[in-house]
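Peer 1: Give the three-dimensional model of this entry:
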Amino acid sequence: MSILRCKGVHVKLDRSTHAGFKTRLLHHDLTMQGAFEEFAKQVAEGVPSAIRILERMASNKIKADLAEVGLTRKGSKRRSGPLDELDHESLYDLINESDNDEETPRAKGHDETV
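Peer 2: Predicted coordinates:
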C-alpha cells in the first residue's frame, strides 16, 4: 500500500471572484479543490487550453508592468497580439534608469558622447 502525498496550497480570491467561481462550480456539482487540482494537472501535462490561460496571464502581466512605467502600445488599438514598437525614447530611458542613478546624469537623448 502506497501513501499518497499531497501538497496544500492556499489561494486568496477577492469576494466577487470567489462568489462567481463558487457559483459556476455549484452548477456543475464540483468543488473548488477539484477544479484547482484539475487545472493544475492540465498545466502539468501541457494541455494546450490550460497553457493558453497561462500565456494570456503572462502577456497581461507584461502589459501591466510596461504600463506601470509609462510604456504602452503605439498605433492601433488591436485587442490581441504582440506589443507594437515601443516609444524608443521611453524604452531607452527605462533601460538606462539604474545606470543613471549611479553615474552622472546624461543629457536627454542618445548621444553617448555627452
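Peer 1: What helices and strands are in contact with the helix or strand in which Met57 is found?
Peer 2: Following DSSP states H and E, the helix or strand that holds Met57 is helix 48-68. Packed against helix 48-68 by the contact rule (3 or more Cβ pairs under 8 Å, 6 or more residues apart in numbering; DSSP states H and E) you find helix 32-45. Backbone N, C-alpha and C define where each C-beta goes, glycine included.
Peer 1: what angle separates the helix it packs on from helix 48-68?
Peer 2: Orientation check (axes from the mean of the first three to the mean of the last three Cα atoms, to 10 degrees): helix 32-45 against helix 48-68 gives 90 degrees.
Peer 1: Summarise which helices and strands helix 32-45 is packed against.
Peer 2: Judged by 3+ Cβ pairs under 8 Å, 6+ apart, helix 32-45 is in contact with helix 15-27, helix 48-68.
Peer 1: any idea of the pLDDT on Asp84?
Peer 2: We have a pLDDT of 55 for Asp84.
Peer 1: before we move on, the earlier item: identify each buried residue in the helix holding Met57, please.
Peer 2: 50, 66 (16 or more other Cβ atoms under 10 Å).
Peer 1: Tabulate the CA atom coordinates of that helix in PDB.
Peer 2: C-alpha atoms of helix 48-68 as PDB (Å, rounded to 0.1, in the frame of the first residue of the first chain):
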ATOM      1  CA  PRO A  48      -2.900  23.400 -24.800                       C
ATOM      2  CA  SER A  49      -6.100  25.200 -23.400                       C
ATOM      3  CA  ALA A  50      -4.500  25.300 -19.900                       C
ATOM      4  CA  ILE A  51      -1.200  26.600 -21.300                       C
ATOM      5  CA  ARG A  52      -3.000  29.300 -23.200                       C
ATOM      6  CA  ILE A  53      -4.500  30.600 -20.000                       C
ATOM      7  CA  LEU A  54      -1.000  30.800 -18.500                       C
ATOM      8  CA  GLU A  55       0.300  32.600 -21.700                       C
ATOM      9  CA  ARG A  56      -2.600  35.100 -21.500                       C
ATOM     10  CA  MET A  57      -1.800  35.700 -17.900                       C
ATOM     11  CA  ALA A  58       1.900  36.300 -18.600                       C
ATOM     12  CA  SER A  59       1.000  38.600 -21.500                       C
ATOM     13  CA  ASN A  60      -1.400  40.600 -19.300                       C
ATOM     14  CA  LYS A  61       1.300  40.900 -16.600                       C
ATOM     15  CA  ILE A  62       3.900  42.200 -19.100                       C
ATOM     16  CA  LYS A  63       1.400  44.700 -20.400                       C
ATOM     17  CA  ALA A  64       0.600  45.900 -16.900                       C
ATOM     18  CA  ASP A  65       4.300  46.100 -16.000                       C
ATOM     19  CA  LEU A  66       5.000  48.200 -19.100                       C
ATOM     20  CA  ALA A  67       2.000  50.500 -18.500                       C
ATOM     21  CA  GLU A  68       3.200  51.000 -14.900                       C
END
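Peer 1: If anything else comes up later, I'll come back, but that's it for now.
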